[in-house]
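Undergrad: no sequence for this one, just the structure:
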């Protein structure tokens, strides 16, 4: 597509957004007003509903998916422009859903035509909310060791076992799962990828309370659940490939997620000024804090710059495959550094998540501090990331310990 | 011994020291004036010679060794009092020698009567200077893997191989070595402890230049060296036990060494004041440096406090065997922290070891910075120390990798 | 720097007591109590029965005179179980501000009830976001006293409040007031670690309600009290750190991934070993500070600042690493590790952050 | 933030050139030269022949106009071999202070000889122990100039000296003087990394000997020059860090202990992985700073400070860890790793320590 065509597209998109996105939907998102879709979906306001439906009808909930499955069929360049314009106008994301970010892209590659038809459009249209069933209590980082079993019973699989860290499973309609269908070795070779309707008999969930006080996650139990064979995605025992495809998107999603999250009440610098004030030369009142904040901001900025480098390398077809391996460890660690700085600056106000004497915005930051301790654990612990970097980026020799 | 007797001993010792230690020998030691003894010993001054000989004749070069082997036969309490009084009067150590610190104590436990008679007194009297032959180029931390071989030739051993990091081997008269006398497994079971006269045919040395510009260490080569069987200490293939006894003393020595080293021209705080000055409130001019120095001084102090804890635990027979395992890693790392702080404070003056525009005292600190990079490597790397701590102090499970 | 036989025995008794009677579930039970209930009264009366109110109190005042090192050992055991009790607020801060700043008559009048557990007290000092004992605004003026004190531990539960304030004359003073006096509102504030950090508001408190402590050196006595409290808190934190590290090492030794025990991974071993180094290092500094208090050593304040700074950093590290090394379980409320993490961050703010103590250490040592 | 085809080709040429012609042994050879010989003249003339004097110079002045990102790539390759050359002193600092602070006539008069290698220059700025471009004491007074400049790179080798000084009027100026003028003593000072950090002493230098640069914005031009030099130095440091890490990873992959390759130890793998993270992180900051210079971006100074601070910390870490991980060999002169370590500490002081740049970054960003 030529530069002119893209420029034209930008103009059109911008006009469309201005027309269809109500002012109330052009403000930073707050968690309570995110639209997650699903059978039991509710809208926080008429504006939110209108904005969601406008996007849905134009395929903008999944801009790059083919039109026939409910997407808008945009090219990557167009999708990027849409994203930029939405960001510029502060339009809220119309739909949040793991089906959108993770399952859909994997189905596009590995799904049968029937599966695509059945599921993709329901995702785009916000009709079905998906959860992810990967981790198990006894298999954290060691995913290949999963134990949830799907037994071949002729016309269906009989599923037994449990999945942990299933985000909002109690509100989800369907779950995509990795299950064991063979005791083959290596263990990866005995895993299949299965779609399970959570309304099936034998599925139950129980919320997990986090140290931040939230319970976004559940443990999901499968007790003799019958799953039609048509719900197998990819080959039998070929689930590992589907899972890997999907994890690619999880990482992208986690990188993009930042922009979709509720913005904190104050930036770190605003907060520091609020909390410790400035000296007569205009410098932050606490010199240690000042220096540590400078250090953090430099590193935070450098992480975005690393992201940009990766982006431009990709554009120029000069990708260095080692660089993307670094983003998760660097990014999550730096976020935790920032959280600790926030707590240090807040002093007394940073010690409670509940006390109503402290402004809600500050308490949310404290909750975020606690919540973000999971960042270096979920989606591949920092330890596993470092293993991967040593092996793949530095080609260090493999020890007898597998990972 | 009663408190009264000890008090009396203190009075006597103090009087003796005042009488026999010349004023010139009651100043901080400088490296060039250390007395290392040996066949080729020279004294930097008549005072130094007089002080050495007075100590030698009273057995004070090895206060705790039996009188029959040239020591003074003091009890540990008496030896401590002697040490305290020498420190109080700033008496220089009369003799530096690895024979004194390491070989002697091991010989007292494992040596035959003939070996004790032959070697101990020669050590106390400063007649023989000893070097240590443990490490090898291909067996650094993995000492058990040493390759220097001693072949049984009936009346003698035939030694071939090479030892590295032999301190001042080019000035030593004898060397105590770990050698392989069997290919038994585990490897430790095939090692013997051998004393070798460096004047033997086939022994040669070559100095190793360090990044600090010094060359205190040598590589020592053994090329068909014949060693009488009488020079075997302990059992054949039982050298590992002797080595362990000796390493205990090496650690003590390294801890004590601090007091025997040349004092730097300025303390870290003096240096920082000299280099960055103070603000109007009397605080060091560079706030980051100030905070980092405070942190370092606290830690340095806490390391001595840990040492004191160990000492008092021992006195009270409440020793926690885990604590001594920590000293080397903590101490050496903190010394390196201090060195880096010195370099930071010195700025421009901290960038040269040779440039005569910079005061010699400062340049010595820069040399020390470079030299001290070896502290976390020599005598068991920090990595090995951490392995040991994990295993012995924390009882963490052993992995398939031995260490 | 080590415990004598009596202290060792006391520590063992107390360790067993806390393990049996004050498991962390008992702390969690506070969550369901009204906010003004900051500790379990029954647990506390058992602690009093054990003699914990009199550990450092001189025999002349009917105390046990086991010394600060002894109390530190007890605080360590309390720290292991994250016990919420008035040990710090009343036994250390309240009793000792009375001993350090009060006249003999005042001590004899108020101490016995504190020792017997009939009264508890607390010290109202802090006024700002961060610990800063040198900036006291609350003052007696024209016959009344008004103002707000924060980080007053266990404020709503105590019967006596010692409040640092400027006297009519401008001098620093310690006002002793009964908690139920008119013009005083003491409120609880439950922090994320489930411990209390209450506040006391004085609204036109009448001067006649106040009894000023009459010791000879109020400023010195206050500093001593703060040093004592800081050292004991640091000791408590070391217990918390030790417990967290032990739990983590145990977890790593049991949990299997990739077909081996997690504890066999060398990278994790090194991290645990490093934590252990930090633990014993800080613990030594804490022991030295307690011993200095016992000997009333000249450099006590410097040693106390060093102890608190190292304890802060050590517990911050160990609690963070412990959560991380527990993996997904570490961030759930089901495990207690998150409480250790939160307690750590609260302790950092209590009686001075590392940054505060590094600055104080530097000042005390002339740089 | 990535190199274009021309820049890539240039980098490859230069990498090969340095690998063949400037191995570290050639740097070591300088040790046996008189102290005023700060680089290998023959090597330098080959570098000139390659076109390295004109990389960032606009085409209008007969330069290659490959931009700062291009020069950064070249500096990285030089950093890998620890090359001593007047790339930083003359090509970056000398030439650009002329371009940034000189009048068109002055540029046209002096630049051609610099490009052709017929003359080299340097910038005399620093006067104190630590980098501080804001405190300039050297001043023209009553017709003469006296004073001492330190950290003047390659001072005794260059033909022209640009010296920052206060003019008779009190304004900041850049004095252009011929190195052989009466009243100037330029001396070399070989640091522990075998690079030069010379000094220039002015003793009653006559005013008529001085040509003041006549650009419109001396202060802005100077800041720009320093930003350029700092970014290029940071790039050079990244090359040094990359080389050190690569050598270390290779060493660990070859060396065996305990019957396995050292590189299989997970604790060492994690440390190497962490170093690699720091390397690419800092490298990204450096690339961003160079790109900002190419675009004359508004926040260039802030990006440059960030790049230098991160480069300092990264190279400090990697050089220390590399020495440690090389074990005993790491502390011998036989290995080159000690030179990397020393170079690192020298670079920390050159054009600002991390502490300096963190402070500057904070000031530039309003806190």
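TA: Nice, I can see it. These figures come from a predicted structure and were not determined experimentally. Residues are numbered from 1 along each chain as shown, chains lettered A, B, ... in the order given.
Undergrad: which residues does the closest residue to residue A:71 other than its chain neighbours contact?
TA: Computed as C-beta to C-beta, 6 or more residues apart in numbering or on different chains, the closest residue to residue A:71 that is not its neighbour in sequence is residue A:65, at 2.5 Å. In this view, the C-beta of every residue, glycine as well, is placed from N, C-alpha and C. Contacts for residue A:65 (C-beta atoms under 8 Å, 6 or more residues apart in numbering or on different chains) come out as A:59, A:71, A:72, A:73, A:104, A:108, A:120, A:124.
Undergrad: ok, now with 10 Å
TA: Neighbouring residues of residue A:65 by C-beta atoms under 10 Å, 6 or more residues apart in numbering or on different chains: A:59, A:71-74, A:79, A:100, A:104-105, A:107-108, A:116, A:120-121, A:123-124.
Undergrad: before we move on, what about residue C:345?
TA: Per C-beta under 10 Å, 6+ apart, neighbours of residue C:345: A:340, A:343-344, A:346, A:350-351, A:366, A:369-370, C:191-193, C:312, C:315-316, C:319-320.
Undergrad: ok, back up a step: which members of the contacts of residue A:65 are classed as buried?
TA: Neighbour-count burial (16 or more other C-beta atoms under 10 Å in any protein chain shown) is assigned, among the contacts of residue A:65, to A:59, A:71-72, A:74, A:79, A:100, A:104-105, A:107-108, A:116, A:120-121, A:123-124.
Undergrad: what about those, which are in helices?
TA: The helices, defined by DSSP state H, take in A:79, A:104, A:105, A:107, A:108, A:116, A:120, A:121, A:123, A:124 from these.
Undergrad: near chain C, which of these show up?
TA: Near chain C, taking C-beta under 10 Å from any C-beta of the partner chain as the test, no member of those is found.
Undergrad: who are the contact partners of whichever residue of chain A sits closest to chain B?
TA: Relative to chain B, the nearest point of chain A is residue A:287 (4.1 Å; C-beta to the nearest C-beta). The neighbours of residue A:287, taking C-beta under 10 Å, 6+ apart as the test, are A:276, A:279, B:283, B:286, B:287, B:288, B:290, B:291, C:355, C:359, D:359, D:362.
Undergrad: give me the ChimeraX select line for those, limited to the buried ones.
TA: Filtering the contacts of residue A:287 down to the buried ones (16+ other C-beta under 10 Å) takes a single ChimeraX command:
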select /A:276 /B:283,286,287,288,290,291 /C:355,359 /D:359,362
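Undergrad: now secondary structure, distance to residue A:327 and pLDDT too, for the contacts of residue A:287, in CSV please.
TA: Output for the contacts of residue A:287, formatted as CSV (DSSP: H, G, I helix; E, B strand; the rest coil; distance: C-beta to C-beta, whole Å; pLDDT from 0 to 100):
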residue, secondary structure, distance to residue A:327, pLDDT
A:276, helix, 32, 94
A:279, coil, 37, 94
B:283, coil, 40, 96
B:286, coil, 34, 93
B:287, helix, 33, 94
B:288, helix, 29, 95
B:290, helix, 36, 97
B:291, helix, 31, 97
C:355, helix, 31, 96
C:359, helix, 37, 97
D:359, helix, 29, 97
D:362, helix, 26, 98
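Undergrad: now for the contacts of residue A:287, which pair is the farthest apart?
TA: Using C-beta to C-beta, those span at most 19.8 Å, a distance reached by A:276 and B:286.
Undergrad: distance of the closest residue to residue A:89 other than its chain neighbours from residue B:228?
TA: Of all residues not flanking residue A:89 in the chain, residue A:17 sits nearest, at 5.4 Å (C-beta to C-beta, 6+ apart). Here the distance between residue A:17 and residue B:228 works out to 95 Å (C-beta to C-beta, to the nearest Å).
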